[in-house]
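*Asks:* Compute the structure for the input listed below.
(one chain, ligands or ions: 1)
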Amino acid sequence: MNTTNPPFSDEHEQLRQSARGFIERELAPHAERWEEECWFPDDVFPKLAAQGLLGLKYPDEYGGQGGDYLHEAVLCEEMARIGSGGAAAGIGAHINIATPPIWKFGTEEQKQRYLVPAIAGERIGALGITEPGAGSDVASISTRAERVDGGWVVNGEKTYITNGVRAHFIVTAVKTTQEGGHHGISFLIVDRGDGVESSALHKLGWHASDTATISFQDVFVGEENLLGELNEGFKLIMANFQWERLAMALGAVGAMTIAWERTAEFARERHAFGRPLAGHQVIRHKLADLATSVYTCRCVTYDALRRFVAGEDPLREVTMAKLLTQRASYELMDACLQIHGGAGYMREYWVERAARDARLGPIGGGSDEIMREILGRALGL
Ligand SMILES: Cc1cc2nc3c(=O)[nH]c(=O)nc-3n(C[C@H](O)[C@H](O)[C@H](O)COP(=O)(O)OP(=O)(O)OC[C@H]3O[C@@H](n4cnc5c(N)ncnc54)[C@H](O)[C@@H]3O)c2cc1C
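*Replies:* Coordinates of the predicted model:
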């Protein structure tokens with residue numbers, strides 16, 4: 001299927017070819033081992049940085065490539081070619097959710113201290129919002145930061161945090177008023193150190209990613225690490241949601257494209273009852289439906305991306321793209337697994353992992369139900 005579509009230019013397509021080449025050469029061959037080991041090595045970050053891939057949208061002055069969200073969008077799609085949802089998630093969390101708030105809301109000093117080494121792949125970031133008692137209902141977080149001389153003392157627990165074991169710094173949502181809520185949450189950049197403990201979680205998919213629970217016990221954070229305005233952390237959360245959701249939609253489109261291509265090839269080669277699987281109408285029609293789904297997801301996602309890049313506020317379109325693509329990707333992976341028959345259930349086939357990895361999409365970054373709530377409001381219901 002053709003991937004050259006507006007809003008991408010020739011320059012973006014060249015970036016696509018070089019990012020794809022690097023990923024297929026340097027990362028994809030290790031995906032199976034990383035998944036088995038439930039870890040991918042930290043040196044993947046400096047390797048990506050050496051290719052300029054950790055700073056595509058960031059200005060040159062911080063070591064970035066001076067590109068924009070379209071360049072980043074290309075990478076979001078291509079990361080599906082690693083063949084490990086976990087590795088793509090760990091890299092994606094660093095690029096798409098941990099560092100953007102520092103770029104947008106950080107002081108110059110914070111950018112020098114965190115963004116510059118993050119773009120160089122020397123320090124790895126995580127975003128810590130979710131807690132055992134608060135996921136979709138972000139405003140009800142209970143991790144608290146108490147004001148002390150020169151900074152804050154943080155106590156509480158975050159969970160399901162991507163890069164939660166390896167991260168050198170955690171962009172952390174904390175309550176800075178008694179009540180918390182929409183005007184009582186702030187962000188602190190918490191360095192790993194005394195009082196910060198992580199424990200890895202075992203999960204259905206994304207095995208190479210170190211999803212973790214992180215506890216903070218009397219962690220002192222200097223006032224120079226307040227990110228954005230005090231008590232206005234909700235703005236910071238909202239500011240990056242659209243990009244996070246677009247990044248997820250692009251990742252799904254990338255994964256669906258590859259899955260369709262591989263499954264179509266399998267259906268042409270594998271024979272049953274004297275003909276290729278694709279020679280059976282039911283399978284051929286299924287593949288036709290899946291191709292339609294890939295195309296629909298691509299069009300809706302690119303439309304939202306185009307609006308986002310043009311500076312519109314495409315809340316509706318981004319929300320629809322996230323809602324549509326994550327569920328469609330999961331359904332497509334399940335259908336691809338079915339077409340592979342028993343082989344699809346085996347670890348040695350890529351589709352077994354792809355089907356598990358795709359299950360996260362309708363939950364993470366705002367669940368399907370939350371997307372529908374947002375749409376309900378946006379549609380005046
Ligand atoms: C692998 C993985 C990686 C993650 N990475 C990160 C990370 O890096 N940083 C981070 O901060 N978080 C991360 N998360 C957390 C993720 O964003 C949350 O799991 C998600 O927002 C849902 O929150 P929850 O799990 O607490 O579910 P809940 O909010 O408890 O929801 C449970 C169910 O109820 C539904 N529900 C909730 N409210 C409503 C409502 N109003 N109406 C209808 N239905 C509703 C939900 O859709 C869901 O189906 C990660 C999660 C996973 C699984």
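*Asks:* For the rest of this, base every contact and every neighbour count on C-alpha atoms.
*Replies:* Will do.
*Asks:* Stretch 84-98: end-to-end distance?
*Replies:* Terminal residues of stretch 84-98 lie 20 Å apart, using C-alpha to C-alpha, to the nearest Å.
*Asks:* gap between it and the chain center?
*Replies:* 5 Å (C-alpha atoms, centre = their mean, to the nearest Å).
*Asks:* Could you do stretch 98-105 as well?
*Replies:* 15 Å.
*Asks:* That one and the ligand in contact?
*Replies:* No. Legend: contact between stretch 98-105 and the ligand by C-alpha under 6 Å from any ligand atom is lacking; minimum distance shown is 8.2 Å.
*Asks:* Buried ones in that stretch, by neighbour count?
*Replies:* 98-103, 105 (16 or more other C-alpha atoms under 10 Å).
*Asks:* Let me know the pLDDT of the residue nearest to the spatial centre of the chain.
*Replies:* What sits nearest the mean C-alpha location of the chain, by C-alpha atoms, centre = their mean, is G92, with 4.5 Å. In this model, G92 is scored at 98, pLDDT.
*Asks:* and whichever strand or helix holds it, anywhere near the ligand?
*Replies:* Per DSSP states H and E, G92 falls inside helix 85-92. No. Residues of helix 85-92 are not located near the ligand by C-alpha under 6 Å from any ligand atom, the shortest gap being 8.0 Å.
*Asks:* which residues make contact with that helix from outside it?
*Replies:* 31, 34-35, 39-40, 45, 76, 79-80, 82, 162-163, 205-210, 354, 357-358 (C-alpha atoms under 8 Å, 6 or more residues apart in numbering).
*Asks:* before we move on, what about stretch 149-163?
*Replies:* With C-alpha under 8 Å, 6+ apart as the test, stretch 149-163 has contacts from 89-90, 93-94, 124-132, 142-147, 174, 201, 209-224.
*Asks:* List the ones among these that fall in strands.
*Replies:* Cross-referencing these against strands under DSSP state E gives 125-128, 144-147, 174, 212-222.
*Asks:* average pLDDT for whichever helix or strand A335 is part of?
*Replies:* Using DSSP H and E, A335 maps to helix 315-339. The average pLDDT within helix 315-339 is 98.
*Asks:* Name the next helix or strand downstream of that helix, please.
*Replies:* The element immediately downstream of helix 315-339 (helix or strand, assigned by DSSP H and E) is helix 350-357.
*Asks:* what about the closest residue to the ligand within the stretch 201-350 of the chain, how many neighbours?
*Replies:* In the stretch 201-350 of the chain, the residue that lies nearest the ligand is T211 (5.9 Å; C-alpha to the nearest ligand atom). T211 has 26 neighbouring residues, counting by other C-alpha atoms under 10 Å.
*Asks:* buried ones in stretch 60-70?
*Replies:* Neighbour counts over stretch 60-70 (16+ other C-alpha under 10 Å) mark 62-65, 69-70 as buried.
*Asks:* what does stretch 187-205 give?
*Replies:* Within stretch 187-205, the residues that count as buried by 16+ other C-alpha under 10 Å are 187-192, 196-198, 200-201, 205.
*Asks:* If we only consider the residues you listed, which is nearest to the ligand?
*Replies:* Distances from the ligand to the buried residues of stretch 187-205, taken by C-alpha to the nearest ligand atom, are shortest for G205, at 7.6 Å.
*Asks:* Which of the three states applies to that closest one?
*Replies:* Following DSSP: H, G, I helix; E, B strand; the rest coil, the label given to G205 is coil.
*Asks:* Surely it and G361 touch.
*Replies:* No. Counting by C-alpha atoms under 8 Å, G205 does not reach G361; the two are 10.9 Å apart.
*Asks:* Contacts only, for F45.
*Replies:* So, once contact is read as C-alpha under 8 Å, 6+ apart, F45 ends up touching 54, 91, 120-122, 124.
*Asks:* Could you export those residues as CSV, including neighbour count?
*Replies:* Shown next, in CSV, are these (neighbours: other C-alpha atoms under 10 Å):
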residue, neighbour count
L54, 28
I91, 24
A120, 22
G121, 24
E122, 15
I124, 28
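*Asks:* From those residues, pick the one nearest E232.
*Replies:* Within the contacts of F45, the smallest distance to E232 is 24.9 Å, found for I124 (C-alpha to C-alpha).
*Asks:* circling back: reformat the buried residues of stretch 98-105 as TSV; add secondary structure and distance to G341.
*Replies:* Conversion of these to TSV gives the following (DSSP: H, G, I helix; E, B strand; the rest coil; distance: C-alpha to C-alpha, whole Å):
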residue	secondary structure	distance to G341
A98	helix	39
T99	coil	41
P100	helix	42
P101	helix	44
I102	helix	46
W103	helix	47
F105	helix	50
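*Asks:* now, which of the residues you listed sits nearest the ligand?
*Replies:* A98 (8.2 Å).
*Asks:* follow-up on the earlier one: drop anything exposed from the ones in strands among the contacts of stretch 149-163.
*Replies:* 125-128, 144-146, 174, 212-216, 218-222.
*Asks:* Which residues lie in contact with the nearest residue to Q112 once chain neighbours are set aside in this structure?
*Replies:* Nearest residue to Q112, sequence neighbours excluded (C-alpha to C-alpha, 6 or more residues apart in numbering): Y62, at 7.3 Å. Taking C-alpha under 8 Å, 6+ apart, we find Y62 in contact with 111-112, 115-116, 119.
*Asks:* For the nearest residue to the residue of the stretch 201-350 of the chain closest to the ligand once chain neighbours are set aside, the count of nearby residues, please.
*Replies:* Using C-alpha to C-alpha, 6+ apart and skipping the chain neighbours, the partner closest in space to T211 is T162 (4.5 Å). Residues lying near T162 (other C-alpha under 10 Å) number 28.
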